[in-house]
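Undergrad: predicted model and sequence follow; I will ask about them next.
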Amino acid sequence: MKRYPVRHASSSPLDWSSVEPLTDFTFPWEERHTPFTEFRALWNETHLHFRFDCIDDDLVLPEGPTAKDRVLGSDRVEIFLAPDLSLKPYYCLEMSPRGDVLAYEANFYREMNWDWQCEGLQLTANIEGNRYTVTGSLPLDTLRALKVLKPGSSEFFAGLYRAEFHHRPDGTVHSGWMPWVDPQTERPDFHVPASFGVLELVR
């Protein structure tokens, strides 16, 4: 199982330049150039901090009356969190370059509770030219309350993803799917245990 070490933050403000990025996002379901995609994470005594940096030459950012409407049709980055690999339950954060968040609880397989809210999630997003950054933080107490981070443990199951959309010549939108861990499914699917890896809090 893939693992990513989350280093302890030794300074405030956070020094993202000191963090080794996770870069092995791929397109398992299509032959296509993989655009620049980096994930970084840090932790301190109270929070897990994370950051995605993406290059996107054709941002797809539809309008809609709700965050759910806007996010599901949008380029975005995603974090899934699970107490265990039964995925009963698991928790999903889908975040757009504009800062819209679709947070929901789910149970395997794809039983969604759209009314769930992620306690204490803070998020900022920025678009600059063909690059966007999504930066956020989650209280460690939230991870503990969800039983994602268990007593005495320094590691937890997480899925990291990017939805990379682009406009076809006829104006329709192609949906591309980039996981950190290739789940080896026949069709694109992040909502399976095989798409998860492990994040480990280290000093």
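TA: Looks like it arrived, so ask away.
Undergrad: strands of the chain, start to end?
TA: 3-8, 37-43, 47-55, 76-82, 90-95, 101-107, 111-113, 122-128, 131-139, 155-167, 173-179, 197-202 (DSSP state E).
Undergrad: which residue of this structure lies farthest from its centroid?
TA: Residue farthest from the centre of the chain, counting by C-alpha atoms, centre = their mean, is D170 at 29.7 Å.
Undergrad: distance of that residue relative to Y132?
TA: 25 Å (C-beta to C-beta, to the nearest Å). No exception for glycine: its C-beta is placed from N, CA and C like everyone else's.
Undergrad: S10 now?
TA: Counting by C-beta to C-beta, the gap from S10 to Y132 is 27 Å.
Undergrad: higher neighbour count, the two?
TA: Y132 (22 against 11; other C-beta atoms under 10 Å).
Undergrad: who is that one paired with across the strands?
TA: C54, I127 (DSSP bridges).
Undergrad: just R7 next, same as before
TA: Where R7 sits in a bridge, its partners, by DSSP bridges, are L42, V202.
Undergrad: could we number from 22 for the rest of this?
TA: With 22 as the first residue, the last one maps to R28.
Undergrad: show me what contacts it?
TA: Counting by C-beta atoms under 8 Å, 6 or more residues apart in numbering, R28 makes contact with S39, V40, E41, A62, L63, W64, V223, R224.
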